[in-house]
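Colleague: coords please:
(chains A and B)
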Amino acid sequence: MIDWRNLSADWLDARKLASNPPNLRNAFVIALLAILALLPIYSALTGNYFLVTLFTRILILALAAVSLNLIMGFGGMVSFGHAAYLGIGGYVVGILAKEGINSGFVQWPLALIVSGLFALGVGALCLRTRGVYFIMITLAFAQMVYYVAIGLDRYGGDDGLTINKRSQFIDAVNLSNKTVFYYVCFALLLAVVYLVWRLVNSRFGLVIQGARSNDRRMRAIGFPTFRYKLVCFVIAGVLCGLSGVLLANHTSFISPAMMQWTRSGDLIVMAVLGGMGSVFGPVVGAVAFLLLEEVLSSVTEYSGIILGPMLLGVVLFARGGIDGILKDHSRG
Amino acid sequence: MLYLIEQCLNGVQLGMLLFLLAAGLTLIFGIMDLVNLAHGSLYMVGAYLAATFAALTGSFVAGLVLGLIATLAVGIVLEVVAIRPLYGRDHLDHVLGTFGLLLFFNDIVRWIWGPAGMTLSLPSQMLAAVQVLPGVFYPMYRIVIILATLAVGGLLYVLVMRTRIGMLIRAGASNREMVSALGINITLLYTLVFGLGAALAGFAGMIAAPISFVQIGMGENILILAFVVIIIGGIGSIRGAFVASIIVGLIDTLGRAFLPDLARNFLSYSAGSSLGPALSSMLIYMLMAGVLVFRPEGLFPASRK
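Modeller: This is a model prediction of the structure:
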């Protein structure tokens, strides 16, 4: 049984929060989860299916943001190339579908494996460096994947490729049904959040976090931090590949635009906006950021004029993100 | 053979544009320790401003000069208003903050100039082709680009290595606290360096404008190429940036020109046609990976640390 109250807790006060009564921050998380869980029912009652489509997208990108936060928030590895895994996961599904293989039992594992292998290669190179090098190199490799996708003439090149059929599983799980697909995404998001939460609170997670604050010291104690970080990097890549699989199924379309480098930037924004210190923060960030984007783009064509300075404001004045604000209030 | 020479010149010309961007980036990084994603936006703003002034005055050169001054001003205002609070914070903050600026610039340019993009047309005497070698003709304007950037690079060298300001810049890069302790106005120095970087980026954008197209987001892909250049050359090193930009320019251009044909020779025609373009776009990233394996600090690491 999952103890929901703990999910929002960052690793330092995880134990403290478990013994404390629910505060504003946990109430917020529970309310958000309840809304997400009940949303398709609301849509079915009001007939507003746009909401389900919008929130499916939000859930999928939230999953990607959670996976990014595993390496960025807990491991201190700022990857500016995370959208590449969205693209890789998506392209594996799209390419297989184009070649006539629609079974999800083939598509999904293969997509995760390819994402993991790419993460392994990139990670092995990037983790030799630190700081700003790491940011630029992850960005550059993601850009490489982007250009390779543009070069794939058979699979649509620049224009992308329409996927005729969503991944086929057993009859009971029909992904073409919007509500079913929404709940599949929701369940996977919860599973990933739970997995990441277990991971960061495990011995493995503590080593990763130790390496973030002082890599040399961790090595001196005797931890081969490179291997730990590489494994962490690969896990994040696989999880984000899953998000790409879902995204391709959601839009029934793949194109290089899925992994445009600004998408990697968006993922970082979601993680930071929600709060990097907690596992659940990026979900809050994804909901906030994508809803904001949606609202702004319905009001004005030039949403960047408002969004851009707002980001700068978050960086300068609200570094802890929404989670940080809630935490401050909880402490009263 | 003629084609090869022409493609080499194209490669050098792309490399020179990259150098203008990379030099500014690497200066800003080396001295202020700032990752600036909005650098590509200044490239775009420079191109738009030059195209606008050229259209207003009817003169290409006047457009460039006014555009350059205006970009410098934009850079300085940007530094004072938005960049200054970011100094001394961690790199993630820089990435996020300047990513926000990039979104801002893209949409404000679209708001002011519209989504359609612009063209900056050359004066007629620039359209001619010159004979660079017996039998080899090359567009005059591309030669001008190469020479102009070489001149700018030379000026930059003199500025950094032979003047008092350059001495302060180098001193600031190696120990900023000491420089400010000695009574140098480090805030002003930072503003100047940022303005210089902005002007270089803007200049690159405006001289690239006639051979490409002035449009939203034009600076983004070339910015990432400039990152690759910096990684290969070594962060903080202008010399490294210069050598690496020419290498990257040449490899990228020659790869795109010849690799698809080569792939067709070795593989079947259809496999070669589909793999060739994908492979050629990977070349510079493979080079980057190779440099990272053998020299993680880049080919010409800056001497600090």
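Colleague: could you pull out the helices for the stretch 151-300 of chain B?
Modeller: Assigned helices in the stretch 151-300 of chain B, in chain order: B:164-174, B:176-181, B:186-208, B:218-233, B:238-266, B:269-294 (criterion: DSSP state H, counting those that start in this stretch).
Colleague: can I get these in TSV including distance to chain A, mean neighbour count and mean pLDDT?
Modeller: C-beta coordinates here come from the backbone N, C-alpha and C atoms, glycine included. Shown next, in TSV, are the helices of the stretch 151-300 of chain B (distance: least, C-beta to the nearest C-beta, whole Å; neighbours: other C-beta atoms under 10 Å in any protein chain shown; pLDDT from 0 to 100):
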stretch	distance to chain A	mean neighbour count	mean pLDDT
helix B:164-174	15	16	84
helix B:176-181	17	14	83
helix B:186-208	16	24	91
helix B:218-233	4	25	89
helix B:238-266	10	20	87
helix B:269-294	3	18	79
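Colleague: any chance of the ones you listed in TSV with distance to B:L9 as columns?
Modeller: Formatted as TSV, the entries for the helices of the stretch 151-300 of chain B read as follows, by distance: least, C-beta to C-beta, whole Å:
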stretch	distance to B:L9
helix B:164-174	31
helix B:176-181	41
helix B:186-208	15
helix B:218-233	18
helix B:238-266	9
helix B:269-294	18
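Colleague: in chain A, which residue sits furthest out from the middle?
Modeller: Here the centre of chain A is the reference, and by C-alpha atoms, centre = their mean the most remote residue is A:A220, at 32.5 Å.
Colleague: my guess is that residue is in a strand, correct?
Modeller: No. When DSSP: H, G, I helix; E, B strand; the rest coil is applied, A:A220 is found to be helix, with no strand at that position.
Colleague: how close does it sit to A:G210?
Modeller: When C-beta to C-beta, to the nearest Å is applied, the distance between A:A220 and A:G210 equals 11 Å.
Colleague: same thing with A:Q143?
Modeller: In this view, A:Q143 and A:G210 are 32 Å apart by C-beta to C-beta.
Colleague: quick one: which of these two has more around it?
Modeller: When neighbours are counted by other C-beta atoms under 10 Å in any protein chain shown, A:Q143 comes out ahead of the other of A:Q143 and A:G210, with 27 against 16.
Colleague: enumerate every residue touching the spatially closest residue to the more buried one that is not a sequence neighbour.
Modeller: Nearest residue to A:Q143 in three dimensions, chain neighbours excluded: B:I224, at 4.9 Å (C-beta to C-beta, 6 or more residues apart in numbering or on different chains). Contacts here follow C-beta atoms under 8 Å, 6 or more residues apart in numbering or on different chains; on that basis B:I224 touches A:L139, A:A140, A:Q143, A:W261.
Colleague: same thing with B:L66?
Modeller: The neighbourhood of B:L66, defined by C-beta under 8 Å, 6+ apart, consists of B:L49, B:A50, B:F53, B:T57.
Colleague: contacts only, for residue 239.
Modeller: Assuming you mean chain A. With contact taken as C-beta under 8 Å, 6+ apart, A:L239 is in contact with A:L63, A:A64, A:V66, A:S67, A:L70, A:V192, A:L195, A:V196.
Colleague: hmm, no, I was thinking of chain B.
Modeller: In this structure, B:R239 makes contact with B:G233, B:F300, judged by C-beta under 8 Å, 6+ apart.
Colleague: switch the cut-off to 6 Å
Modeller: Contacts were defined as C-beta atoms under 6 Å, 6 or more residues apart in numbering or on different chains; by that measure B:R239 touches B:F300.
Colleague: so what touches stretch B:131-148?
Modeller: Counting by C-beta under 6 Å, 6+ apart, stretch B:131-148 makes contact with B:L2, B:I5, B:L9, B:V12, B:Q13, B:M16, B:L122, B:M126, B:A128, B:A129, B:V130, B:I207, all of which sit outside it.
Colleague: go again with 8 Å.
Modeller: With contact meaning C-beta under 8 Å, 6+ apart, stretch B:131-148 is reached by B:2, B:5-6, B:9-10, B:12-13, B:16-17, B:122, B:125-130, B:207-208, B:210-211.
Colleague: average pLDDT for it?
Modeller: Per-region confidence: stretch B:131-148 scores 84 on mean pLDDT.
Colleague: any buried residues in it, and which?
Modeller: Judged by neighbour count using 16 or more other C-beta atoms under 10 Å in any protein chain shown, the buried positions of stretch B:131-148 are B:Y138, B:P139, B:Y141, B:R142, B:I143, B:V144, B:I145, B:I146.
Colleague: next, the angle helix B:164-174 makes with the helix or strand harbouring the fifth one.
Modeller: Okay, so that is B:I143. In this structure, B:I143 is located in helix B:140-162 according to DSSP states H and E. Compare the direction of helix B:140-162 with that of helix B:164-174 by axes from the mean of the first three to the mean of the last three C-alpha atoms, to 10 degrees and you get 80 degrees.
Colleague: for helix B:140-162, the distance to its chain's centre please.
Modeller: Relative to its chain's centre, helix B:140-162 lies at 13 Å (C-alpha atoms, centre = their mean, to the nearest Å).
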